[in-house]
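Engineer: Fold the following.
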Amino acid sequence: MGYIDKIIADVEKKNADQPEFLQAAKEVLESLRVVVDSDKRYEDAGLLERIVEPERIIQFRVPWVDDSGKVQVNRGYRVQFNSAIGPYKGGLRFHPSVNLSIIKFLGFEQIFKNSLTGLPIGGGKGGSDFDPKGKSENEVMRFCQSFMTELVKYIGADTDVPAGDIGVGGREIGYMFGQYKRLKNEFVGVLTGKGLPWGGSLTRTEATGYGLVYMVNEYLKSIGDSFAGKKVAISGSGNVAIFATQKVQQLGGTVVTLTDSTGYIYHEAGIDLDTIKEIKLVKRGRLSEYTATHSDAVYKETGNGSVWDTKVDVALPCATQNELDLNNAKTLVANGVKIVGEGANMPSTMDAADYFIDNNVVFFPGKASNAGGVGVSALEMSQNSMRYSWTFEEVDAKLQQMMANIFWNADAAAKEYGKDGNFIAGANIAGFKKVAQAMLDQGIV
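Structural biologist: Numbering: from 1, shown residues only. Predicted coordinates for the structure are as follows:
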């Protein structure tokens, strides 16, 4: 049994009840065969055994009092996966689906994503099964304060710097930062995604969506093409989807779909982003409201077809993990899709991703194409350390360059190991080699 096969078997045995983590780990490990088999140092140092095992897993209870005076208890998590190239960095997710498998999958992916940014940040992730939806402002505040009261023991500006994720936006970051400041009596950049008046970075809200489009655009430029005239399907309707839509439109493309948990809209003339922002960011409403002002748009409830049934040139899944399966991939390929870029974390199943690659569809995995969010979070850390703020244009220029570098580094790594055009392999290899070298340099720790 080869080294990679041994590691995969060991991971499966130890984590049999963690399907999301197993999916992420096997996808990365399979793509690293060509690298690991050519360099005995990795096996001699037990490097893969170490990289698939978190440095630290923290699980804790989060008690809080609801508005009726009843005590509620949720589970909190922080997985500090790898600090070889910098302090742990990764978001906090508040959603009922959160469990250890999901947090480990996200933290593992974060190692390579953060490495690809070129910035000195390690991989981590955290969150809770708390659901902010339907909670009052005071309930959200009390939960966030209780969550931070425990998390504060394990984080710091040079140790672990969490950010937001699903269910954790500026409101939640603000409440957690306020509690951290109260407990530690210090004002430091221990969280990113902060409000602009108190240490946040311009472009952070737009970063993941913009970065996704910048990476796809870099590929298009490399072949002498552009977004102009392209029809684009996007899933989701949160920050990533909204700002990916905005950037595609600015570059001349036409976004025709968006989704939420209740269904999806198809608007052949192109999504009216002002209306979407009003519905989702201001009113926090449902996409079904869109057709009230756009009679030429079609709304379909969940279960009545799929957003991926649409005939488009580019597909950008920006909602959640495993939302695009093999059947969806076959439909997209049959309809002539040329490029798929992941805006969410692992939104395509492994067999869907393989199908795209086997059918010559250019496929950008989330660890590369959605790295703009954590990249600008790291830039926020830099600004906090300097007690300084860059302009929107300065941060946006750094983001564009970062995404271009990720594209070219992944492209070069894929070509170096005979995987030309396979950006899953290229991203995994490029991200891995930087972290692996740091681990080798630092010895067995």
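Engineer: Now do the same contact list for residue 298.
Structural biologist: Contact analysis of residue 298 by CB atoms under 8 Å, 6 or more residues apart in numbering lists 265-267, 291. The way it works is simple: take the backbone N, C-alpha and C, and place the C-beta from them, glycine included.
Engineer: could you pull out the strands for the chain?
Structural biologist: Remark: strands assigned in the chain by DSSP state E are 56-65, 71-82, 88-94, 122-128, 160-164, 231-234, 254-260, 263-266, 298-301, 314-316, 339-341, 362-364.
Engineer: Quick check: which of the ones you listed is buried the most?
Structural biologist: Comparing these by mean neighbour count (mean count of other CB atoms under 10 Å), strand 122-128 ranks first with a mean of 29.
Engineer: Between strand 56-65 and it, find me the angle.
Structural biologist: Orientation check (axes from the mean of the first three to the mean of the last three CA atoms, to 10 degrees): strand 122-128 against strand 56-65 gives 30 degrees.
Engineer: just how off-centre is strand 122-128 within its chain?
Structural biologist: 11 Å (CA atoms, centre = their mean, to the nearest Å).
Engineer: Each with direction, which strands does that strand pair with?
Structural biologist: strand 71-82 (antiparallel), strand 88-94 (parallel) (DSSP bridges).
Engineer: how far does the longest one sit from the chain's center?
Structural biologist: Using CA atoms, centre = their mean, the mean C-alpha position of strand 71-82 is found 19 Å from that of the whole chain.
Engineer: got a list of what residue 135 touches?
Structural biologist: By CB under 8 Å, 6+ apart, residue 135 lies in contact with 66, 143.
Engineer: circling back: let me know the closest of the contacts of residue 298 to residue 214.
Structural biologist: residue 267 (24.1 Å; CB to CB).
Engineer: Roughly how far does that closest one sit from residue 287?
Structural biologist: 11 Å (CB to CB, to the nearest Å).
Engineer: Without its sequence neighbours, what residue ends up closest to residue 348?
Structural biologist: Closest residue in space to residue 348, ignoring its immediate chain neighbours: residue 324 at 4.6 Å, by CB to CB, 6 or more residues apart in numbering.
Engineer: before we move on, the earlier item: mind picking the two most distant members of the contacts of residue 298?
Structural biologist: Applying CB to CB across the contacts of residue 298, the maximum distance is between 266 and 291, 10.2 Å.
Engineer: Quickly list what's touching both of those two.
Structural biologist: Shared contacts of residue 266 and residue 291, counting by CB under 8 Å, 6+ apart, come down to 297-298.
Engineer: how about the helix ranked longest in the chain: buried residues?
Structural biologist: Under DSSP state H, the helix in the chain containing the largest number of residues is helix 392-416. Within helix 392-416, the residues that count as buried by 16 or more other CB atoms under 10 Å are 395-396, 398-400, 402-407, 409-411, 413-414.
Engineer: Could you do stretch 432-444 as well?
Structural biologist: 432-436, 438-440.
Engineer: With distance to residue 231 and pLDDT as new columns, can those residues be given to me in a markdown table?
Structural biologist: Output for the buried residues of stretch 432-444, formatted as a markdown table (distance: CB to CB, whole Å; pLDDT from 0 to 100):
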| residue | distance to residue 231 | pLDDT |
| --- | --- | --- |
| 432 | 35 | 98 |
| 433 | 37 | 97 |
| 434 | 36 | 97 |
| 435 | 38 | 98 |
| 436 | 40 | 98 |
| 438 | 42 | 98 |
| 439 | 44 | 98 |
| 440 | 46 | 97 |
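Engineer: hmm, back to that, quick one, which of the strands of the chain gets closest to residue 174.
Structural biologist: Closest among these, once you apply CB to CB, is strand 160-164, at 10.4 Å.
Engineer: which residues are contacting the closest one?
Structural biologist: Contact with strand 160-164 is made by 78, 80, 87-92, 121, 124, 126, 151, 154-155, 170, 172-173, 189-193, 373-374, 377, 381, as judged by CB under 8 Å, 6+ apart.
Engineer: go on, stretch 170-190?
Structural biologist: Applying CB under 8 Å, 6+ apart, the contact partners of stretch 170-190 are 92, 94, 132, 137, 140-141, 144-145, 147-149, 151-152, 155-157, 161-164, 191-195, 198-200, 380-381, 383-385.
Engineer: what about burial for those residues, which qualify?
Structural biologist: By neighbour count, with 16+ other CB under 10 Å, those hold 92, 94, 132, 140-141, 144-145, 147-149, 151-152, 155-156, 161-164, 191-194, 199-200, 380-381, 383-384 as buried.
Engineer: Quick check: closest non-adjacent residue to residue 207.
Structural biologist: residue 376 (3.8 Å).
Engineer: OK, contacts around the residue positioned nearest the centre of the chain?
Structural biologist: Centroid-nearest residue in the chain, with CA atoms, centre = their mean: residue 345, separated by 4.4 Å. Residues near residue 345 by CB under 8 Å, 6+ apart: 105-106, 109, 320-321, 366, 370.
Engineer: now swap in residue 294 and tell me
Structural biologist: 267, 272, 275.
Engineer: what's the domain layout of this protein?
Structural biologist: Split into domains by automatic domain parsing, the chain comes to 1-53, 54-187, 205-369.
Engineer: In TSV, list those domains along with mean pLDDT and distance to residue 445.
Structural biologist: Listed next are these as TSV, based on pLDDT from 0 to 100; distance: least, CB to CB, whole Å:
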stretch	mean pLDDT	distance to residue 445
domain 1-53	96	9
domain 54-187	97	9
domain 205-369	96	24
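Engineer: would you list the ones you listed in a markdown table and tack on distance to residue 389?
Structural biologist: Below are the domains of the chain laid out as a markdown table (distance: least, CB to CB, whole Å):
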| stretch | distance to residue 389 |
| --- | --- |
| domain 1-53 | 35 |
| domain 54-187 | 15 |
| domain 205-369 | 15 |
